[in-house]
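Participant: With the input below, show me the fold.
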Amino acid sequence: MKKKLQLLVITVSLFLCFNSTNAQAPVLGTTAPFVLFTTTGAITNTGISQVTGNIGTNTTGGAITGFGNVNGVLHIGNATTLQASNDLSLLYAELNTAPFTATHAPLLGNGETLNAGVYAIAGVTTLSNVLTLDGQNNPNAKFIFQVSAPFSSNASSEVKLINGALACNVFWKIEGAVNMASLTIMRGTVIAHNDAIDMGAGVTLEGRALSTTGAITLNGTLAYLPTGCGSPVLTGPAAPFLGVAGCYALFTGNENNTNAGVSYVTGDVGTNAGITGGYDPLTVNGTIHLIPDISTAACAASLLTVTTYLNLLPHDIELLYPAQFGHNLVLTAHTYLMDAAAALTDSVFLNAAGNVNAVFVIKINGALTTSTFAKVILMNGAQAKNVFWIVNGAVSISDYSVINGTIVSNEGAISLSTGVTINGRALTTNGAFTTTSVVVNGPLADCVTLPLKWLTFTAEKNSSNTVLLKWSTTNEVNNDHFNIQRSGNGDDFITIGNVVAGNTVAPDNYYSYTDQQMINGTNFYRLQQVDRDGHSTYSSIRRINVSAEPWYVFPNPAVSQTTIYTRSQLINLSVTLFDVKGNAVYKRLFARAVAGQSITIPLSTLTKGIYMLKVDSGAGSRTEKIILQ
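Facilitator: The predicted model follows:
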C-alpha cells in the first residue's frame with residue numbers, strides 16, 4: 001500500500017509539473033534553425049515555394065530538389081544534419097513521454113478552442129475547419145499534441161492562435177504520415193515519426209516540418225520559422241558608414257550623369273569626372289554638382305570605402321538562383337550573396353521581424369536587372385536606410401520599378417528608366433549614369449556636417465564597461481559647446497552630457513566624453529554642436545554594441561545618496577540595502593525598469609560605513625559593496 005501511494009504521488013507530481021503552462025519548453029537543440037528536416041529521405045518541391053529557415057536531410061542519397069531561392073542554408077548529409085538527427089530523436093522522445101493532461105477525440109477543429117496542455121489523441125486524426133489555441137494572455141502557454149496514428153488536414157483548415165499563444169510553443173508529435181491538404185494554415189513544430197510529410201498546394205506553415213524517417217514534399221508552400229521563445233533577433237551586419245556619399249542621391253565617380261524628362265530628387269546629384277546635366281534645380285532638393293568639385297571628390301573617396309566594406313562582408317546565405325531573384329521571395333536581416341548576374345522579377349520582400357534597426361545587405365557578383373514594375377517591399381519595420389545593394393557590374397532598373405535601399409555599383413553603369421522610384425540612393429564608382437523621369441528619395445539623415453572642419457569622431461568600449469567618445473575639430477568659429485546624445489534605435493536621441501568648446505589659438509581641438517550609462521545592445525551616438533547664438537548642427541552617427549552588467553551603481557563611495565543605472569530592461573526588480581549585520585535598511589520593488597532608468601537610493605539618514613546592495617531581477621541577482629562616507 002505504501003509503495004502504491006508513493007507511485008501515485010510521483011505520477012501526480014509529474015502531471016502537475018507538465019500541466020503548467022509555464023513548464024520548460026521541449027528542447028529543440030540543433031533542429032531549431034531547420035524549417036524542413038528529415039533524418040532519412042528526400043525533400044522535394046514543386047511550384048514556387050517561399051521558405052525561411054534551413055532545409056536539411058541526413059541522407060546523402062536523399063536529395064533536396066525543385067527549390068528556387070531559399071532564405072536559408074541547404075544541408076545534405078553533413079555534420080550539421082548528423083547532429084540535428086540526434087537532437088530530433090531526443091525531441092521526439094521528450095514529446096512522446098510527456099505526461100498528458102487531457103485526451104481528445106481524433107477530430108480537431110470545427111470551431112473548437114483549446115487551452116494550453118498536453119493532449120493525447122488515439123487513432124487517425126483529422127484537422128477540419130478552424131482549431132483555435134488560446135494562450136489566455138500567457139506568452140509561455142504550451143500546446144503539445146500526441147497523435148498515436150497518421151494525421152491529415154482538410155482543405156483550407158487552420159490552426160489559429162489567440163491571446164498570446166505562439167507558434168513556437170506548439171508541438172505536434174505524429175505516429176505516422178502527415179498530409180496537409182491544399183490551403184491549410186498549420187502552426188507549430190510538426191514531427192512525423194517514421195513516415196513522410198506532404199504539404200499540398202498553397203499550404204502555409206509557421207513552424208517546422210521534421211521527419212525521423214520519411215520524405216518531405218512541398219507544392220507552392222509558404223513555410224517559415226516561428227519567432228519568440230528565445231529565438232535570436234536578427235539584426236544583420238553592421239551598416240557601412242557612408243560619409244559624404246550619404247549626401248548624394250545619384251552619383252558616379254567617373255563618366256557623365258545625365259537626366260531626361262522631369263525627375264524629382266532629394267539629395268545631391270553629381271559626378272567626379274564628367275558633367276552633370278538635364279536636372280532641374282526646381283525639382284532637386286539638394287545640390288546639383290555640374291562639374292567635379294571638392295564635394296564630389298570626397299564622395300568618390302567615401303564610395304570606394306563603402307564598396308570595399310560591402311564586398312568584404314562575409315555572407316550568411318547564398319541565393320543559388322540569381323536569374324530567378326524575386327518571385328515574392330521573403331528575406332530577413334542577413335548578408336546575402338548571388339554569385340552571378342541577378343534578374344529581379346516581380347517582388348522581393350524584406351522582413352525586419354519588428355526590428356527597425358535590422359540591416360539587409362545583398363551582394364551580387366554580376367549585373368542587376370529588373371522586370372518592369374519590379375518591387376522591393378519593406379515589411380515589419382524594415383527601413384530603406386538600412387538596405388544596401390552591392391552590385392559588381394551594371395545596374396538597369398526597368399520602367400516603374402520601386403527599389404528600396406542604397407544601390408552601390410562597383411565599376412558599372414547605372415540606368416534608371418521611366419517612372420522608377422528609388423527610396424534610397426544609386427551610386428557607382430565608375431560608369432555612365434542615366435535617368436529618365438524618376439523619383440529618388442534619398443534618406444539624408446546621415447548627411448549632416450558641422451560648421452567647422454571635422455577631423456575625427458570615434459566610439460570605443462573601455463574595459464571598465466563604459467563607452468569612450470573622442471572627437472577632434474579644426475578652425476572652430478563661435479562654437480560654444482557640444483551636447484553628447486545617445487539613442488537605442490538610431491532615431492530617438494537624448495542628451496546625456498555636454499562638453500565646452502575649445503576655441504583655442506591652436507588650429508586643432510581634441511575632446512572626449514565617457515558614457516557610463518550606456519544600455520545593453522546597440523548604442524548610437526552623435527554630437528550636437530551649438531553656436532554661441534544658439535544655432536546648432538549635428539555630427540555623423542557612431543554606433544557600438546555593448547554587452548555589460550544589466551545595472552551599475554554610481555557614485556561609490558557615496559555621501560548622501562547613490563544611484564542605480566539600468567543598462568537593459570529589468571522585470572520584477574527588487575533593490576535591497578543591508579548593513580554589516582545583515583539588516584535591511586532600505587528596500588524598493590519595481591514591476592519593470594526600462595533601459596537607461598535611474599533609481600536613487602537615499603543614504604543621508606544612515607551612519608557612515610559599509611553596506612551591501614543586492615539587486616534581484618529576471619536577469620539574475622548581484623550584490624555590490626557600497627561605502628558611505
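Participant: Burial check on the residue nearest to Val73 when sequence neighbours are not counted, number of neighbours?
Facilitator: Computed as Cβ to Cβ, 6 or more residues apart in numbering, the closest residue to Val73 that is not its neighbour in sequence is Asn54, at 4.9 Å. The way it works is simple: take the backbone N, C-alpha and C, and place the C-beta from them, glycine included. Under the neighbour criterion other Cβ atoms under 10 Å, Asn54 is assigned a count of 25.
Participant: what's the least confident helix or strand in the chain, going by average pLDDT?
Facilitator: Within the chain, no helix or strand scores below helix 2-19, which has a mean of 40 by mean pLDDT, DSSP states H and E.
Participant: where does Ala382 land in three-state SS?
Facilitator: Under the three-state scheme (DSSP: H, G, I helix; E, B strand; the rest coil), the conformation of Ala382 reads as coil.
Participant: Surely it and Asn351 touch.
Facilitator: Yes: Ala382 sits in contact with Asn351 when judged by Cβ atoms under 8 Å, with a separation of 6.6 Å.
Participant: quick one, which of those two is more surrounded?
Facilitator: For Ala382 against Asn351, the residue with the higher neighbour count under other Cβ under 10 Å is Ala382, and the figures read 26 against 22.
Participant: Report the contact partners of the more buried one.
Facilitator: Leu350, Asn351, Ala352, Val356, Ala358, Phe360, Asn404 (Cβ atoms under 8 Å, 6 or more residues apart in numbering).
Participant: Report the buried members of these.
Facilitator: The neighbour-count test (16 or more other Cβ atoms under 10 Å) applied to these identifies Leu350, Asn351, Ala352, Ala358, Phe360, Asn404 as buried.
Participant: Spit out the contact partners of the first one.
Facilitator: Leu350 is in contact with Leu331, Thr332, Phe360, Val376, Ile377, Leu378, Met379, Ala382, Val387, Asn404, counting by Cβ under 8 Å, 6+ apart.
Participant: which secondary structure element contains the nearest residue to the fourth one once chain neighbours are set aside?
Facilitator: This means Val376. Nearest-residue entry for Val376: Asn404, 4.6 Å, with adjacent residues in sequence omitted and distances by Cβ to Cβ, 6+ apart. Asn404 is located in strand 402-409, with elements delineated by DSSP states H and E.
Participant: Give the next helix or strand downstream of that strand.
Facilitator: Using DSSP H and E, the helix or strand that follows strand 402-409 in sequence is strand 414-416.
Participant: coming back round to it: can I get the buried ones among the contacts of Ala382 in CSV with pLDDT, secondary structure and distance to Asn257?
Facilitator: Output for those, formatted as CSV (pLDDT from 0 to 100; DSSP: H, G, I helix; E, B strand; the rest coil; distance: Cβ to Cβ, whole Å):
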residue, pLDDT, secondary structure, distance to Asn257
Leu350, 97, strand, 28
Asn351, 96, strand, 34
Ala352, 95, coil, 32
Ala358, 96, coil, 31
Phe360, 98, strand, 26
Asn404, 98, strand, 22
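Participant: Going by residue numbers, what spans are strands in the stretch 351-500 of the chain?
Facilitator: Secondary structure of the stretch 351-500 of the chain by DSSP state E, counting those that start in this stretch: the strands cover 360-364, 368-370, 375-379, 387-391, 395-397, 402-409, 414-416, 421-428, 433-436, 439-441, 453-461, 467-474, 479-487, 493-500.
Participant: on contacts alone, who are the packing partners of the fourth one?
Facilitator: Read it as strand 387-391. Strand 387-391 sits against helix 294-312, strand 360-364, strand 402-409, with contacts defined as 3 or more Cβ pairs under 8 Å, 6 or more residues apart in numbering; DSSP states H and E.
Participant: one step back: buried residues of the strand holding Asn404, list them for me.
Facilitator: Here strand 402-409 shows Val402, Ile403, Asn404, Gly405, Thr406, Ile407, Val408, Ser409 as buried, counting by 16+ other Cβ under 10 Å.
Participant: cool, and stretch 303-320?
Facilitator: Neighbour-count burial for stretch 303-320 flags Leu303, Val306, Thr307, Tyr309, Leu310, Leu313, His315, Asp316, Ile317, Leu319 (criterion: 16+ other Cβ under 10 Å).
Participant: Could you do stretch 93-101 as well?
Facilitator: Applying a neighbour-count criterion of 16+ other Cβ under 10 Å, the buried positions in stretch 93-101 are Glu94, Leu95, Ala98, Phe100, Thr101.
Participant: Pull that stretch out as CSV, backbone CA atoms only.
Facilitator: As requested, the backbone C-alpha atoms of stretch 93-101 are provided in CSV (Å, rounded to 0.1, in the frame of the first residue of the first chain):
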residue,chain,number,x,y,z
ALA,A,93,11.3,11.1,-27.2
GLU,A,94,10.7,14.1,-24.9
LEU,A,95,7.3,14.8,-26.6
ASN,A,96,6.3,11.2,-26.7
THR,A,97,6.9,10.6,-23.0
ALA,A,98,5.4,13.9,-21.8
PRO,A,99,2.6,13.2,-19.3
PHE,A,100,-0.7,14.1,-20.9
THR,A,101,-3.2,16.4,-19.2
